[in-house]
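K.L.:
one predicted model, sequence on top.
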Amino acid sequence: MKEKEFIDLIKKHSGIIYKIIILYTNNADDKADLYQEILYQSWKSFDNFKGNSQFSTWLYKVAINTALTFLRKEKKHVQAIEHYSDWLSIQENEPEKSEDLIRALKTLEESDRVIITLHLDGYSNDEIADICGITKNNASVKLYRSKQEIINLLKK
Amino acid sequence: MELEKLWQSFTNESGKKEMSDEMISESIRIKSKDTIEKISNTLKIKLGWGILFSVLSLGLLIYHINTTNLLIIMTFSTMYFSFSSLYMYVRIKKAGKMDHGMNIKQFIQNYYSQVKSLLRTEEIESVFVIPVFAIIGILYSTILIHGTFDAVLTNTKLLLTAIVLLITVVPFAVLFVQWANKKAFGAYLEKLKSTIDKFDDKN
């Protein structure tokens, strides 16, 4: 019953997981590993989700925490399991401009990437400050600077 | 094209393909590659050995002690392995609690401290365990040659060798474990620290 509820919620918010994976990994093996780890960590912590915040916000935090603490592979190569390697390879079909945006976002520091991702997904500066554990002023400064960097990169 | 529109296009693309129930069910049953879990698992193996040796030492202490010297050694061994196991158990248990309810910066700070603490536990354990096992190995093999434990204890040359070995093995054990941990986790820890600092950086 609990697993079914979890699966339904994850399916509804799978876009969040996908976006974090694309923005925080650079190769197929890391994508597959991070995907599994985010789902595993979300499931493990699901009992602690009390509904005080929206599920999407909670999932965002788990996914970002996992991505930021994820130990990337160096040379090992593991085959992504076939039926989700497909899901992870969606990036290849994306419009060229989206790919430019992803490339530009990846040039930012990981902490700045977190802030701009939350902003673009509609979170207010207050919420971003609260989720990240920084002051509102710091969030605004970082956001402004990151946006300028991205816009300049996209113009090139 | 505006940044927001580009993001919307990326969001729309990412929402097009749905995850299957099978994909999700399978992933929640994987063996985690999380760093804390990995280090904890290594320590759990050592904890298992610690418990095994505690039980063996206790068994020998209760049923097979027939000399005073051996009684002293076995009492110390039992205490050593028991305290060492308890220490590891407490550290592993403490590290197992990661709260995603915290804000992101707190989580990373906590995570960083946990990884460092577990690596430190591993270093402390290895510093004691490696020399102790080296000495036990020497004593056991010489008991097999000399016949009794008391005969080994009266052999001054052998005891001196064991003490010299203990003194020289400890610094090597420290350096080796520190080197191995730095090689495996040094760059990773630096990256975590840098991520924490970057959250506070206003420049």
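P.N.:
Great, that's in hand.
K.L.:
drop to CA atoms for contacts and neighbour counts, all remaining ones
P.N.:
Fine.
K.L.:
pull out the buried positions in the lowest-mean-pLDDT helix or strand in chain B.
P.N.:
Of all helical and strand segments in chain B, the minimum by mean pLDDT, DSSP states H and E falls on helix B:149-153, at a mean of 73. For helix B:149-153, burial by neighbour count (16 or more other C-alpha atoms under 10 Å in any protein chain shown) applies to B:149, B:152.
K.L.:
how far out from the middle of the chain is that helix?
P.N.:
34 Å (C-alpha atoms, centre = their mean, to the nearest Å).
K.L.:
name the helices or strands packed onto it?
P.N.:
Counting contacts by 3 or more C-alpha pairs under 8 Å, 6 or more residues apart in numbering or on different chains; DSSP states H and E, helix B:149-153 packs against helix B:68-95, helix B:104-146, helix B:156-200.
K.L.:
say whether chain A is contacted by the first one.
P.N.:
It stands for helix B:68-95. No - for helix B:68-95, no contact with chain A is found by C-alpha under 8 Å from any C-alpha of the partner chain; the gap never falls below 14.5 Å.
K.L.:
that helix vs helix B:104-146, what angle?
P.N.:
160 degrees (axes from the mean of the first three to the mean of the last three C-alpha atoms, to 10 degrees).
K.L.:
check which helices and strands helix B:68-95 is in contact with.
P.N.:
On the basis of 3+ C-alpha pairs under 8 Å, 6+ apart, helix B:68-95 makes packing contacts with helix B:35-63, helix B:104-146, helix B:149-153.
K.L.:
one more pass at 7 Å, please.
P.N.:
If you count contacts as 3 or more C-alpha pairs under 7 Å, 6 or more residues apart in numbering or on different chains; DSSP states H and E, helix B:68-95 packs onto helix B:35-63.
K.L.:
follow-up on the earlier one: select, out of the helices and strands packed on helix B:149-153, the one closest to residue A:128.
P.N.:
helix B:104-146 (10.1 Å; C-alpha to C-alpha).
K.L.:
next, the angle from the closest one to helix B:156-200.
P.N.:
Going by the same axes, to 10 degrees, helix B:104-146 makes 170 degrees with helix B:156-200.
K.L.:
mind checking how far helix B:104-146 is from the chain centre?
P.N.:
Distance, centroid of helix B:104-146 to centroid of chain: 6 Å (C-alpha atoms, centre = their mean).
K.L.:
now do stretch A:21-34, average pLDDT.
P.N.:
Per-residue pLDDT over stretch A:21-34 has a mean of 89.
K.L.:
next: stretch A:132-141.
P.N.:
Mean predicted confidence for stretch A:132-141 is 93.
K.L.:
how about stretch B:82-102: buried residues?
P.N.:
Neighbour-count burial for stretch B:82-102 [16+ other C-alpha under 10 Å]: B:82, B:84-85, B:88-89, B:91-92, B:95, B:98, B:100-102.
K.L.:
how about the residues of chain A near chain B?
P.N.:
Applying C-alpha under 7 Å from any C-alpha of the partner chain, we find that chain A lies next to chain B at A:7, A:11, A:14-15, A:18-19, A:36-37, A:39-40, A:43, A:61-62, A:65, A:69-71, A:84, A:87, A:94, A:97-98, A:101, A:110-111, A:120, A:130-134, A:138.
K.L.:
so which of the helices and strands packed on helix B:149-153 gets nearest residue B:23?
P.N.:
helix B:104-146 (26.9 Å).
K.L.:
that closest one vs helix B:35-63, what angle?
P.N.:
Using the same axes, to 10 degrees, helix B:104-146 lies at 30 degrees relative to helix B:35-63.
K.L.:
who are the packing partners of helix B:104-146?
P.N.:
For helix B:104-146, the packing partners by 3+ C-alpha pairs under 7 Å, 6+ apart are helix A:55-69, helix A:125-132, helix B:35-63, helix B:149-153, helix B:156-200.
K.L.:
winner for burial among those?
P.N.:
helix A:55-69 (a mean of 21; mean count of other C-alpha atoms under 10 Å in any protein chain shown).
K.L.:
from the middle of its chain, how far away would stretch A:46-53 be?
P.N.:
Counting by C-alpha atoms, centre = their mean, stretch A:46-53 comes out at 19 Å from the chain centroid.
K.L.:
which residues touch residue A:142?
P.N.:
Residue A:142 makes contact with residue A:112, according to C-alpha atoms under 7 Å, 6 or more residues apart in numbering or on different chains.
K.L.:
now it: which helix or strand?
P.N.:
Assigning secondary structure by DSSP states H and E places residue A:142 in helix A:136-155.
K.L.:
leaving out the residues flanking it, which one is nearest to residue B:181?
P.N.:
residue B:119 (7.0 Å; C-alpha to C-alpha, 6 or more residues apart in numbering or on different chains).
K.L.:
and the gap between that neighbour and chain A?
P.N.:
According to C-alpha to the nearest C-alpha, to the nearest Å, residue B:119 stands 15 Å off from chain A.
K.L.:
check residue B:81 too.
P.N.:
32 Å.
K.L.:
can you pull the contacts of that residue?
P.N.:
B:50-51, B:53-54.
K.L.:
and the least confident helix or strand of chain B, C-alpha only, in PDB?
P.N.:
Below are the C-alpha coordinates for helix B:149-153, written out as PDB (Å, rounded to 0.1, in the frame of the first residue of the first chain):
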ATOM      1  CA  PHE B 149      52.100 -20.300  25.900                       C
ATOM      2  CA  ASP B 150      54.200 -20.000  29.100                       C
ATOM      3  CA  ALA B 151      57.200 -21.200  27.100                       C
ATOM      4  CA  VAL B 152      56.700 -18.400  24.600                       C
ATOM      5  CA  LEU B 153      56.400 -15.800  27.400                       C
END
